[in-house]
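Peer 1: Next one to model:
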Amino acid sequence: MGRGKIVIRRIDDMTSRQVTFSKRRNGLLKKAKELAILCDAEVALIIFSSTGKLYDFGSTASCEFGCGF
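Peer 2: This is a model prediction of the structure:
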């Protein structure tokens with residue numbers, strides 16, 4: 001039996017939102033790294049937090065903001 005559907009909505013509490021962002025950011029970066037390794041793909045990921053902080057990932061040195069963007 002699968003999980004039930006959840007409603008996606010904005011988290012109002014700033015602390016909870018930041019914790020959720022941090023956990024999901026780490027998970028997304030891990031998935032991007034795994035995709036690059038398993039599929040031998042060039043992966044670039046750019047994430048901006050609600051405070052404007054930049055987080056990035058590039059699977060290769062040449063891919064760091066240069067994968068044809």
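Peer 1: how about Ile46, secondary structure?
Peer 2: Following DSSP: H, G, I helix; E, B strand; the rest coil, Ile46 is assigned to strand.
Peer 1: tally of neighbours for it?
Peer 2: 11 (other Cβ atoms under 10 Å). Where C-beta positions appear, they are placed from N, C-alpha and C, glycine not excepted.
Peer 1: what does Lys33 give?
Peer 2: For Lys33, the count of nearby residues is 14 (other Cβ under 10 Å).
Peer 1: cool, Ala36 as well?
Peer 2: By the criterion of other Cβ under 10 Å, Ala36 has 19 neighbours.
Peer 1: got the buried residues for the host helix or strand of Gly27?
Peer 2: Following DSSP states H and E, one finds Gly27 within helix 14-39. Going by neighbour count (16 or more other Cβ atoms under 10 Å), the buried part of helix 14-39 is 21, 32, 36.
Peer 1: Name the nearest residue to the first one, sequence neighbours excluded.
Peer 2: The spatially closest residue to Phe21, leaving aside those adjacent along the chain, is Ser49, at 6.2 Å (Cβ to Cβ, 6 or more residues apart in numbering).
Peer 1: Looks like that neighbour contacts Arg24 (just checking).
Peer 2: No: with contact defined as Cβ atoms under 8 Å, Ser49 does not count as touching Arg24 (11.0 Å).
Peer 1: Now do the same contact list for the spatially most central residue of the chain.
Peer 2: Centroid check for the chain by Cα atoms, centre = their mean gives Leu28 as the closest residue, at 3.5 Å. Counting by Cβ atoms under 8 Å, 6 or more residues apart in numbering, Leu28 makes contact with 45, 47.
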